[in-house]
Structure formats: structure tokens, C-alpha cells
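Peer 1: I need the structure of the sequence given here:
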Amino acid sequence: MRIDVQGHSTFVYTGGKLPTADKPSLVFIHGAQQDHSCWALQSRWFAYHGFNVIAVDLPAHGQSYGQPLTSIEAMSAWLVALLDALSIPQAALIGHSMGSLIALETSLSTPTRISKTVLIGTALPMPVAPMLLDAARDNPTQAAAMINNWSYSPQRQLGGSAVPGLWLLGMNERLMARQGKGTFYADLSACNAYQRDIASLSALTQPVLIIAGSQDRMTSPKVTNAMLAAIPQARLVTLAAGHALMAEQPDAVLESLIAFLC
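Peer 2: Below is the predicted model of the structure:
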């Protein structure tokens, strides 16, 4: 469905169902240079099992218009504006990578609007290598190749998709290539600049689930463990995967979400 948010037409995947007041709401937030389609399995399952599903395309991503937002705080404010536009008083947030920072910031800044929070492939801070930032600005094709190399575990680099016939790296390359101009650099710069102190996570009042990849080279398990220790109601699930958890372990991610959200 399409809806106006902050003056721009925004696309959200809902499973073909309009949000209704009698169902709990879930918001899926994609990572840098991605769109709602990275949540294909998980969002569809919840849409057909009693939930309002809002899998967003952030501004300038996927089928959403507008300029790319340049800070995690601005993306969080946009997300709250989306909830307002959809008349959703409260929702659970599920965010991957950059999306996990948006979910984190929104859960802290507007706690009464957020019932539960899921952080997938997360880290705080989330620094981005200077060479990747430069490539995202000057050579997005090269940046996409670097992301593919770092995001997938070694076995997935050789094939090994959970869905026979799908080449994960090629699929992600095409997904990144279709995003709006300037989004790659804006997204990675926003992640790199987000400097919330990890001690502030003690203020989180919602139950929090962290899903981490045991072979993640983009977000450090050491940092993930520090976040786990700082959040009062946090639990951790570790999967045999790299950073691209929804692609490498789609069923395991879904099962973890069902156990936490249902």
C-alpha cells in the first residue's frame, strides 16, 4: 500500500491487508541500501497469522519517494510519522543493521509507542570502514561488492542458499542496485555517525530480542554482548550466519521472531 509520510509517497508491504485496530502491529525496518523485500518470508508469515505488518521502504528506497534521510534520528522521527499516518498507537519494531539502530532510537525516544524491539545484526556504535564510505559515495557498484564480501559467511559465498536455485550474492547485488541515488552513502554515513552511548540502553523498558550471526564480520559479537549486558530485558539468539541473517537463515530468523512476538 502507499501512504503519504512527511509530504512524500511511501510504500509499505502489508501482505495485502489493511492495518486494523484489533490486531497487534509489527514494523519491519530494512538496513542500508535495502528495501522491504529483504523481509519476504518473515513479513508474509506474520501478515497471515493475526498481525498488522508494516514492512517499510525508507525514503528513496524501494518504491518510496523523497530524499534519503541522513541521520538515524531523522529516520526514527520519520518512522514515528509513519505510525501516526497509519493511526497505529503502538507497535513492535524489527530492524536489521541500520534498521536496528532506527528501532533502537525509536524505542528510546518514544517508549510508549513501542511494545517490543528486535535488533538483528546490530552494534552500538556501528562504525563503517572509510574505504566503504568512499566507495558508497564514488563507486556504488564497488561498495556493493564489498558489502557482499563482508555480509555473507564463507559457505554462502560459494552458494549454499537455503532456497535451491537462488544465488544469494547475486540477489543482494540486484537489490542494492535498484535503490535511489545517494542512498548508499547517506545510509552508511548515518550508521557511522550515530553515537548514542551504550549506557543509555539501560533506559529501554521494552522486552528486547537480539539476533546475531556467529560469523558476522559487519557487527562485532563483542559489541553485541556489551549491548546485551546493558539492556534490562534483553535476550540473545545466535545463528550460524554472517550479517545477512534473513537471507542465510530465513527459517531460523522467523522461528526466533515467532517465539518472541507471539
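Peer 1: Wait, a strand at residue 11?
Peer 2: Yes. Residue 11: assigned to a strand according to DSSP: H, G, I helix; E, B strand; the rest coil.
Peer 1: starting at the chain centroid, how far to the strand or helix carrying residue 211?
Peer 2: Counting by DSSP states H and E, the element that carries residue 211 is strand 208-213. Put simply, strand 208-213 sits 12 Å off its chain's centre (C-alpha atoms, centre = their mean, to the nearest Å).
Peer 1: Same question for stretch 90-109.
Peer 2: That offset, for stretch 90-109, works out to 8 Å (C-alpha atoms, centre = their mean).
Peer 1: Can you give me the buried ones in that stretch?
Peer 2: Neighbour counts using 16 or more other C-beta atoms under 10 Å place 91-108 of stretch 90-109 among the buried residues. All C-beta spots, glycine's among them, are computed from the backbone N, C-alpha and C.
Peer 1: Same check on stretch 107-118?
Peer 2: By neighbour count with 16+ other C-beta under 10 Å, stretch 107-118 contains the buried residues 107-108, 113-118.
Peer 1: hmm, who's touching the lengthiest helix in the chain?
Peer 2: Counting residues, the longest helix found in the chain (DSSP state H) is helix 72-85. Outside helix 72-85, the residues that touch it by C-beta atoms under 8 Å, 6 or more residues apart in numbering are 3-6, 10, 12, 27, 29, 54, 56, 58-59, 69, 89, 91, 93, 98, 101-102, 105-106, 109-110, 113, 190-191, 193-194.
Peer 1: Spit out the contact partners of the residue nearest to the spatial centre of the chain.
Peer 2: Centroid-nearest residue in the chain: residue 96, 2.7 Å away (criterion: C-alpha atoms, centre = their mean). Residues in contact with residue 96 (C-beta under 8 Å, 6+ apart) are 29-31, 34, 38, 120-121, 245-246.
Peer 1: Which is the succeeding secondary structure element to the worst-scoring helix or strand of the chain on mean pLDDT?
Peer 2: Across the helices and strands of the chain, the lowest-confidence element by mean pLDDT, DSSP states H and E is helix 154-157, at a mean of 60. Later in the chain than helix 154-157, the nearest helix or strand by DSSP H and E is helix 168-177.
Peer 1: Let me know the average pLDDT across the following helix or strand past that following helix.
Peer 2: Using DSSP H and E, the helix or strand that follows helix 168-177 in sequence is helix 183-193. Along helix 183-193, the predicted local confidence has a mean pLDDT of 97.
Peer 1: Helix 183-193: which residues count as buried?
Peer 2: 183-192.
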